[in-house]
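Colleague: Turn this into a model:
(one chain, ligands or ions: 1)
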Amino acid sequence: MTIDRYAVIGNPVAHSKSPIIHAAFAKATGQELSYERLLAPRDGFASTVERFVAEGGKGLNVTIPFKLEAFALARKRSGRAESAGACNTLAWRGDHWYGDNTDGAGLLRDLTHNLGETIGGRNVLVFGAGGAVHGILQPLLAHGPRRIVLANRTHARAVELAAHFTAEGPVVAIEPRSLAGERFDIVINATSIGLDTPVPRDLWPNGLFAPGALAYDLVYANQTTPFVRWAKEQGAARTADGLGMLIEQAAESFFLWRGVRPDTACAFPLLRPKDS
Ligand code: NAP
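Modeller: Residues are numbered from 1 along each chain as shown. Next up, the predicted model:
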């Protein structure tokens, strides 16, 4: 019997934690499968995917920089992938790829289930207007926030994105410097200032956190991220990084591929050892 093959495809991809997560899910659910890292040349996404299918590949997680190409490759797509305009998950359906986007569901599951956060009626600030924000806006709006403010270094991108989603709920774009005096219950960093780039203090005003506010960084690490450090200095009552989102979006992909929803609790200790 051949074992179903899955992989995370990206460039770079060596850092990806997805193989660890999916191996844990497979073990916990008793599913027999293999999951690997697939490095595709920057100009060779489609050909790498084609080869993977020819060799028995059944599903892919897609990471930087291929989420838009994955969207284009998918002949059928979920509503959330259509809304995001990008796919982070592909499932082989015998003669075509089905594309999904599980990033938003992963974030919402982490916020509401793991962190016990309420979105309904809350004032939410999102820094950034890139691919990740495309994926998280619709699920955030579906939870009924009072208002979502998009603040991006390149303001025009935030304006365009807000306009795209305005029919789905209260979302506006505000230039980061013009946020001075505003207070938010949830502040999400969806910029690509990862671990090595400092928070743009000249751009982001002080005093944005309402009492009890949560600061959530899409970036994850076994160390305090620059955004989380800044948020704590600014008085954020609670902070979280994006490890929970990563694990929860993986669980959504696993469910799409295998029809079984893993209990994500098995993956957290593997990626965040207690003494880290
Ligand atoms: P992206 O499409 O490249 O967008 C990057 C965003 O960051 C843009 O809005 C950009 O602003 C902004 N930015 C970059 N450098 C900045 C700086 N120095 N100061 C202020 N803003 C800056 O990236 P993405 O795909 O949206 O990903 C964003 C982050 O989310 C990445 O770190 C990614 O790893 C993370 N992510 C995590 C998960 C998870 O499961 N935890 C899932 C998806 C993504 P401009 O428009 O001005 O260039």
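Colleague: Burial check on whichever residue of the stretch 1-150 of the chain sits closest to the ligand, number of neighbours?
Modeller: Per Cβ to the nearest ligand atom, Gly130 is where the stretch 1-150 of the chain lies closest to the ligand, at 2.0 Å. C-beta coordinates here come from the backbone N, C-alpha and C atoms, glycine included. Neighbour count of Gly130, defined by other Cβ atoms under 10 Å: 15.
Colleague: pLDDT averaged over the strand or helix carrying Gly59 - what is it?
Modeller: Here Gly59 is covered by strand 57-62, with elements defined by DSSP states H and E. On average, the pLDDT along strand 57-62 is 98.
Colleague: For that strand, list every residue counted as buried.
Modeller: Gly57, Lys58, Gly59, Leu60, Asn61, Val62 (16 or more other Cβ atoms under 10 Å).
Colleague: wait, the residue of the stretch 1-150 of the chain closest to the ligand sits on Thr191?
Modeller: Yes. When contacts are counted by Cβ atoms under 8 Å, Gly130 is listed as touching Thr191 (7.4 Å).
Colleague: Would you mark the buried spots in stretch 187-202?
Modeller: Buried residues in stretch 187-202 (16+ other Cβ under 10 Å): Val187, Ile188, Asn189, Ala190, Thr191, Ile193, Val199.
Colleague: What about the ligand: which of these touch it?
Modeller: Among those, the ones lying near the ligand by Cβ under 6 Å from any ligand atom are Ala190, Thr191, Ile193.
Colleague: which of the residues you listed lies closest to the ligand?
Modeller: Taking Cβ to the nearest ligand atom as the measure, the ligand lies nearest Thr191 of those, at 3.3 Å.
Colleague: I figured that closest one hits Phe127, correct?
Modeller: Yes. With contacts counted by Cβ under 8 Å, Thr191 reaches Phe127, the gap being 5.2 Å.
Colleague: Mutual contacts of the two, please.
Modeller: Counting by Cβ atoms under 8 Å, 6 or more residues apart in numbering, the common neighbours of Thr191 and Phe127 are Asn152.
Colleague: before we move on, back to that, distance to the ligand added to the buried residues of strand 57-62, as JSON lines?
Modeller: Shown next, in JSON lines, are the buried residues of strand 57-62 (distance: Cβ to the nearest ligand atom, whole Å):
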{"residue": "Gly57", "distance to the ligand": "22"}
{"residue": "Lys58", "distance to the ligand": "22"}
{"residue": "Gly59", "distance to the ligand": "17"}
{"residue": "Leu60", "distance to the ligand": "15"}
{"residue": "Asn61", "distance to the ligand": "10"}
{"residue": "Val62", "distance to the ligand": "11"}
